[in-house]
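Colleague: fold the following and give me the result.
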Amino acid sequence: MINEATIQAQFKQATVKGSVATLQFEILTDNADAFRIIKQSSKTVLLTVAEQQQAMDFDDETGEIYG
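Modeller: All right, here's what the predicted structure looks like:
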């Protein structure tokens with residue numbers, strides 16, 4: 001059973017020792033999935049990283065970007 005959750009996180013730091021890296025992230029706990037993700041601590045999970053892109057407002061009919 002796949003139990004996916006997506007949450008915005010601030011990548012704080014990485015510590016590398018030999019062939020193992022420990023990654024530290026900061027999340028806001030007011031996100032609906034925050035505690036579901038926190039409960040995954042010490043389990044093996046799949047991590048997908050994507051840079052946050054700035055959203056652009058545009059007119060659906062003309063394609064003009066505004067805002």
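Colleague: does the residue most central in space within the chain lie in a helix or a strand, and which?
Modeller: Nearest residue to the geometric centre of the chain (CA atoms, centre = their mean): Gln8, 3.9 Å. Following DSSP states H and E, there is no helix or strand that holds Gln8.
Colleague: same deal with Val16?
Modeller: Val16 belongs to strand 10-17, assigned by DSSP H and E.
Colleague: could you pull out the strands in this protein for me?
Modeller: Using DSSP state E, the strands of the chain run over residues 10-17, 20-26, 57-58, 65-66.
Colleague: got those strands as a markdown table, with distance to Glu51, mean pLDDT and mean neighbour count columns?
Modeller: (Each C-beta comes from the backbone N, C-alpha and C, glycine too.) Formatted as a markdown table, the strands of the chain follow (distance: least, CB to CB, whole Å; pLDDT from 0 to 100; neighbours: other CB atoms under 10 Å):
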| stretch | distance to Glu51 | mean pLDDT | mean neighbour count |
| --- | --- | --- | --- |
| strand 10-17 | 10 | 95 | 9 |
| strand 20-26 | 14 | 95 | 10 |
| strand 57-58 | 20 | 82 | 10 |
| strand 65-66 | 20 | 79 | 8 |
